[in-house]
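Peer 1: With the sequence up front, the predicted model follows.
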Amino acid sequence: MTLDTRFTLSRGTFTLDVNLVFNEGEVVAIMGPNGSGKSTFLHAIAGLLPVTSGTLALNGETFDDATADTFVDPTQRTIGIVFQGGLLFETMTVLENIVFGLRARKIKRAAAATQAQPLINQFALAELLERQPRELSGGQAQRVAIARVLVTQPKVLLLDEPMSGLDTATRQLIRQEFREVLASFAGYRILVTHDSEDALAMADRIIELDQGKVIWDGPVSEYREKR
Amino acid sequence: MSRSRRRRQKLPWQIVLIAAVAAAFFLAPFVGLMWRTPWSKFADIVRRQEIRDALWLSIKTSLMTAVICLIFGVPLAWLLARVEFPGRRFIRALTTLSMVLPPVVGGIALLFTFGRRGLIGQYLDSWFGIRIPFTTTAVVMAQCFVAMPFLVLTVEAALRQLDSRFEGAARTLGGTRWYVFRRVTLPSIRPSLFAGIVLAWARALGEFGATITFAGNLPGTTQTMPLATYAALDSNPESALILSLVMIAIAFTILIALRDRWLGRAEQGLSL
């Protein structure tokens, strides 16, 4: 079982060109400077951007094939993505944010809340359920963001700079929490970061992107030696 | 900037003087109007049947217009803001055109399209026996024609400012486009949506040129407040004064009630 990403994706003058295979169970960190194509890569996997050529497939099911005109809608991909800054919906409470994916699947309010309860407990969010996202600290917002994704039981977990914008103390705390989340998640796990500390602390394999191209791909031990 | 610093700044008296003239220019007509208003007859005139008919017709048609603008204008605004399609600029220009056009031109265009011999009107008449001109329906159509752009442009600007990544996030969580539109997009642009509705409604309430051209001036059917006011100016100037005053009162109420709550907050989204 693999996640196959063999595609190019052009946006204006920028082109992302990848030929990468991900294995279930490994934690992969994608690194690179701003504008190297890290987020674009995740957005393509999630179905927010269509590929320009090539294919994208999960466990043999083609999600996106430019030549065959196949494009699986983001709602059908079972891919969870935690965005930079959390992207919590400002017009909803914390609870409404968490159960959004369940409510979108026509699960009744009460049933959705029950279903989300284990995650609410896991991330210690019980006290915050009625709050508005703007009343949360950066760390709390990220916890809500990840609970909101996990509640949909995705097969792939994508984390897009989950620690950016957090202060150093919170970062330490959240890094530990994300490490636990990644460890307990059974599917594919990809973490995008420009911080090598985060990458080394959490990943098994590191991929480095620069200007849309892969310039390094190998196990974290080799990456340490390289440094 | 703190208040004390602002006070220390020297005001350029030339600008203040010119600004004062502009402000006086807006104020003077209202003073003139009030000065000539026969206050003692106010209650009598407002209670007259034709005045009450006109007022009721104005309220009824303008509210219908606001609802129709909402139903049709929001999807149009969404399409203009979010979807790349050939002719998008043309459609936007077309939408804006009726804001710039003299309303009477809009009325003529509607008449030659939906009139009995018009492009569409002839078939409406011969196939279904529907005649639109000089009916209350025509009043609402004329109002929609001039008012909808206000809603479309306000909502479109708000949608453009809205970070589309939120909608993307909602999609990856399993929300269909329609679900995301209802639960994420619309609530996020609520202030601008209200501002757009109010602007469209206010514009509809004041509509004159397109209405009188396309719908005529039939008391009880198509004679709205502005039309009644204009008609009264000839025969009964006192009524015209009082009707004007009623409309000023309505406009003021709208502005004062909504300015801070919605229009103020939506200001940035307003690109009129």
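Peer 2: Arrived safely, thanks for sending.

Peer 1: so where do the helices sit in the stretch 101-250 of chain B?
Peer 2: B:103-114, B:121-128, B:136-161, B:164-172, B:177-180, B:186-188, B:190-205, B:209-214, B:225-235, B:237-258 (DSSP state H, counting those that start in this stretch).

Peer 1: would you list those in a markdown table and tack on mean neighbour count and mean pLDDT?
Peer 2: Every C-beta, even on glycine, is put in place using the N, C-alpha and C of the backbone. Listed next are these as a markdown table, based on neighbours: other Cβ atoms under 10 Å in any protein chain shown; pLDDT from 0 to 100:
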| stretch | mean neighbour count | mean pLDDT |
| --- | --- | --- |
| helix B:103-114 | 19 | 94 |
| helix B:121-128 | 13 | 87 |
| helix B:136-161 | 25 | 95 |
| helix B:164-172 | 21 | 92 |
| helix B:177-180 | 16 | 92 |
| helix B:186-188 | 16 | 92 |
| helix B:190-205 | 23 | 91 |
| helix B:209-214 | 25 | 94 |
| helix B:225-235 | 18 | 90 |
| helix B:237-258 | 16 | 84 |
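
Peer 1: what about the ones you listed, which gets the closest to residue B:47?
Peer 2: helix B:237-258 (10.8 Å; Cβ to Cβ).

Peer 1: returning to what we had before: columns distance to chain A on top of the helices of the stretch 101-250 of chain B, output as TSV?
Peer 2: Formatted as TSV, the helices of the stretch 101-250 of chain B follow (distance: least, Cβ to the nearest Cβ, whole Å):
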stretch	distance to chain A
helix B:103-114	36
helix B:121-128	40
helix B:136-161	13
helix B:164-172	4
helix B:177-180	5
helix B:186-188	4
helix B:190-205	8
helix B:209-214	37
helix B:225-235	37
helix B:237-258	20
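
Peer 1: what's the closest of those helices to residue A:198?
Peer 2: Nearest of the helices of the stretch 101-250 of chain B (Cβ to Cβ): helix B:164-172, 21.3 Å.

Peer 1: so what secondary structure elements neighbour that closest one?
Peer 2: helix A:38-46, strand A:79-82, helix B:177-180 (3 or more Cβ pairs under 8 Å, 6 or more residues apart in numbering or on different chains; DSSP states H and E).

Peer 1: where's the longest helix seen in chain A relative to the chain centroid, distance-wise?
Peer 2: For chain A, the helix with the greatest residue count under DSSP state H is helix A:168-184. Using Cα atoms, centre = their mean, to the nearest Å, the mean C-alpha position of helix A:168-184 is found 14 Å from that of the whole chain.

Peer 1: on that earlier part again, closest to residue A:88 out of the helices of the stretch 101-250 of chain B?
Peer 2: helix B:164-172 (8.7 Å).

Peer 1: just to revisit the earlier point, can you put the helices of the stretch 101-250 of chain B in a markdown table and add distance to residue A:58?
Peer 2: Conversion of the helices of the stretch 101-250 of chain B to a markdown table gives the following (distance: least, Cβ to Cβ, whole Å):
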| stretch | distance to residue A:58 |
| --- | --- |
| helix B:103-114 | 53 |
| helix B:121-128 | 53 |
| helix B:136-161 | 32 |
| helix B:164-172 | 14 |
| helix B:177-180 | 22 |
| helix B:186-188 | 31 |
| helix B:190-205 | 37 |
| helix B:209-214 | 56 |
| helix B:225-235 | 62 |
| helix B:237-258 | 50 |
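
Peer 1: Sweet, I'm off.
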